[in-house]
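J.: sequence? don't have it. structure:
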Ligand code: ZN
């Protein structure tokens, strides 16, 4: 991407001040800082993969006290810091391409004992999402934040990006599942916000400022997570339908069905083709179809569900369908959906978008979206999938073979304006769950009003007066 190359070259030679390095050497363990080239490569980037990593060093603290003393020094010496979790983000929020110091929370992965009376657990920011699930499962409890990257993503990153995922339709975003936060500010102050309290009505809730702020306002070091009971037996269905309009008709019907829906996901035949090519997975259907719907639900009344399923065929709402028999088959159906992101990246060059609409506006929006695609991308391959039950669509534009990379990215950057105009018209958001980071920064005004942006800038200045925390992410100062 032309923009990225320029971005990396302009700043990548930045070096850390000598007196700052001296203070680190004197006050921190000898393995605190890494300047190993392979680690700089690894820690300088996230899953966005379009920016060239160029951090100056990676700091690997073990305690909140070390984070606090480090940030206080960075503030004093004007050192830019990129807070870093599992780096599974898709908007460049954890990229260090301008000589920043990466502050990795990797070593801070302690998990305290589960409080099975209060349904909470306190963990450090570096705890991996899946490890938290495994830690809580023996108590019949879970932290219901779940997505394909759960084996690498960390609690701190999930909270800093207010991550979404495949279960939002039932549980909501990460924000709903955070009781308390420990945050270190840009000047090194340690804040304990809300503890383990469910109810606490003592004025403005500062904890919420840091959730979704992508490390621009403070560094999350610990969190008290709210847990819920593990769900009961889940049924997993895959349906074949002709087009996106049919996906939405089926959703309207499923909303009224005798089911407790925990996921309503869809993908097109173009996504499935790339999954089959990359992962060699098999479709359960003989005939191909325009779109597929993956429905996961608890079915308290099996006979009512059976009658509903039969009626789907009678009423022509689906053209084919299958229900997983057992865990292995459920996993196979889920693999078709969860392998899409990696399969698209592995089989082509693409431009990702992650938009959301009010669910009630989806039908009208999708009808108009087709004409944007026809006008801007005539004959191009567009892979649509997403958590459509939450109004969330992932729009992936694949690079045509005939186009050079730079020309492709220049084209999609322009074309995005047309789609975001439509998103704004229907009351949607330009980033449903991936965040803004570097990738969507230029489009933020489609979703946030000028007065809001001004308030966000004022907040940044108040909390980070030197502008050292994740500079250039979400907003320019
Ligand atoms: Zn998603």
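T.: Cool, got the structure. This structure is a prediction, so every number in the text was calculated from the model and none was measured.
J.: switch to C-alpha atoms for all contacts and neighbour counts from now on
T.: Will do.
J.: ok, which stretches of the stretch 51-200 of the chain are strands?
T.: Secondary structure of the stretch 51-200 of the chain (DSSP state E, counting those that start in this stretch): strands located at 57-59, 81-84, 101-104, 120-124, 141-142, 178-184, 190-193.
J.: so for the fourth one, mean pLDDT?
T.: What that stands for is strand 120-124. Averaged across strand 120-124, pLDDT comes to 98.
J.: wait, what's in contact with residue 54?
T.: 8, 12, 40, 41, 44, 96, 97, 98, 99, 100 (CA atoms under 8 Å, 6 or more residues apart in numbering).
J.: deepest in the core, which of the strands of the stretch 51-200 of the chain is it.
T.: strand 81-84 (a mean of 30; mean count of other CA atoms under 10 Å).
J.: against which helices or strands is it packed?
T.: On a contact count with 3 or more CA pairs under 8 Å, 6 or more residues apart in numbering; DSSP states H and E, strand 81-84 meets strand 101-104.
J.: and the strand it packs on, what does it pack against?
T.: strand 57-59, strand 81-84.
J.: with distance to residue 300 added, can I get the strands of the stretch 51-200 of the chain in CSV?
T.: Rendered in CSV, the data for those read as follows (distance: least, CA to CA, whole Å):
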stretch, distance to residue 300
strand 57-59, 50
strand 81-84, 42
strand 101-104, 44
strand 120-124, 27
strand 141-142, 20
strand 178-184, 29
strand 190-193, 39
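J.: nearest to residue 248, out of those?
T.: Of all these, it is strand 141-142 that lies closest to residue 248, at 30.0 Å by CA to CA.
J.: so in the protein, which helix runs the longest?
T.: If you go by DSSP state H, the chain has its longest helix at helix 405-425.
J.: name the residues that touch that one?
T.: Residues outside helix 405-425 that contact it (CA under 8 Å, 6+ apart): 1-2, 349, 351, 355-357, 365, 368-369, 372, 376, 397, 399, 429-430, 443, 446-447.
J.: any idea how far residue 129 is from the residue nearest to residue 123 when sequence neighbours are not counted?
T.: Spatial nearest neighbour of residue 123, excluding adjacent residues (CA to CA, 6 or more residues apart in numbering): residue 111 at 4.3 Å. The gap separating residue 111 from residue 129 is 11 Å, by CA to CA, to the nearest Å.
J.: more neighbours: the two, which one.
T.: Per other CA atoms under 10 Å, whichever of residue 111 and residue 129 has more neighbours is residue 129, with 26 against 19.
J.: OK, contacts around the more buried one?
T.: Per CA under 8 Å, 6+ apart, neighbours of residue 129: 145, 146, 150, 151, 152, 153, 154, 155.
J.: and the fifth one, how many neighbours?
T.: Meaning residue 152. For residue 152, the count of nearby residues is 15 (other CA under 10 Å).
J.: quick one: contacts for the nearest residue to it once chain neighbours are set aside?
T.: In space, residue 152 comes closest to residue 86 once its chain neighbours are excluded; the distance is 5.4 Å by CA to CA, 6+ apart. By CA under 8 Å, 6+ apart, the residues touching residue 86 are 106, 126, 128, 152, 153, 154, 157.
J.: residue 337 reaches residue 267, doesn't it?
T.: Yes. Counting by CA atoms under 8 Å, residue 337 touches residue 267, with 7.2 Å between them.
J.: who has more neighbours out of those two?
T.: The neighbour count for residue 337 versus residue 267, taken as other CA under 10 Å, is higher for residue 267 (26 against 22).
J.: quick one, phi psi at that one?
T.: phi -150, psi 160 (degrees, to the nearest 10).
J.: before we move on, what about residue 110?
T.: The phi/psi pair for residue 110 (degrees, to the nearest 10) is phi -70, psi 140.
J.: skipping adjacent residues, who's closest to it in space?
T.: Counting by CA to CA, 6+ apart, residue 124 is the residue found nearest to residue 110 once chain neighbours are left out, at 5.3 Å.
J.: any idea what residue 235 is bridged to?
T.: For residue 235, the beta-bridge partners are residue 297 (DSSP bridges).
J.: got the contact list for it?
T.: 296, 297, 298, 299, 323, 324, 330.
J.: run the last query once more with 7 Å
T.: Contacts for residue 235 (CA atoms under 7 Å, 6 or more residues apart in numbering) come out as 296, 297, 298.
J.: in those residues, which residue is surrounded by the most others?
T.: Within these, most neighbours by other CA under 10 Å means residue 296, with 23 neighbours.
J.: quickly note the distance from that one to residue 75.
T.: Distance from residue 296 to residue 75, by CA to CA: 48 Å.
J.: where along the stretch 101-250 of the chain do the helices fall?
T.: Assigned helices in the stretch 101-250 of the chain, in chain order: 129-136, 155-160, 168-171, 207-210, 244-255 (criterion: DSSP state H, counting those that start in this stretch).
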